[in-house]
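Trainee: Got a sequence here, can you build the structure:
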Amino acid sequence: MTETRKIVTRVQTGVRIEKRILKTLKIIAAHKELSLGDLLEGIVLHAFEGKPAFGDETLKLIAEAKKSTGLDLTADDSHLLDEKTP
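Mentor: Next comes the predicted model:
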């Protein structure tokens, strides 16, 4: 079966993201040999369809990456985050 490639238009964005989340995402992207943008697009497209974005092997990698980056946030924290002011 041949997959049809999709042509898209990408834009540069200035999204702010929690520091440890970004570090963890960069570890995952590097492991999968993807750009950070490609990884985020994949996660979002899976979420839009209610599908899990990661398999068991990647979830193990994520757990290790979270430990190494000190990321202790969970989905339950997502609406409770306040930014530290300098």
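Trainee: Can you check the pLDDT for residue 6?
Mentor: Residue 6 is assigned a pLDDT of 94 by the prediction.
Trainee: how would you label it: helix, strand or coil?
Mentor: Judged by DSSP: H, G, I helix; E, B strand; the rest coil, the three-state class of residue 6 is coil.
Trainee: For it, give me its contacts.
Mentor: Contacts here follow CB atoms under 8 Å, 6 or more residues apart in numbering; on that basis residue 6 touches nothing. Quick note: C-beta positions are derived from backbone N, CA and C, even for glycine.
Trainee: Buried residues, stretch 69-85. List them.
Mentor: Going by neighbour count (16 or more other CB atoms under 10 Å), the buried part of stretch 69-85 is 69, 71.
Trainee: send the alpha carbons of it over as CSV?
Mentor: What follows is stretch 69-85, C-alpha atoms only, in CSV (Å, rounded to 0.1, in the frame of the first residue of the first chain):
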residue,chain,number,x,y,z
THR,A,69,14.3,16.6,33.4
GLY,A,70,12.6,16.7,36.8
LEU,A,71,9.2,16.9,35.1
ASP,A,72,6.6,16.1,37.8
LEU,A,73,3.5,17.6,36.1
THR,A,74,0.6,15.5,35.0
ALA,A,75,-2.5,16.0,32.9
ASP,A,76,-4.4,16.9,36.0
ASP,A,77,-2.0,19.9,36.5
SER,A,78,-2.7,21.3,33.0
HIS,A,79,-5.2,23.9,34.0
LEU,A,80,-3.5,24.8,37.3
LEU,A,81,-0.2,26.1,36.1
ASP,A,82,0.9,29.7,37.1
GLU,A,83,4.0,31.3,35.6
LYS,A,84,6.7,32.3,38.0
THR,A,85,7.5,36.0,37.7
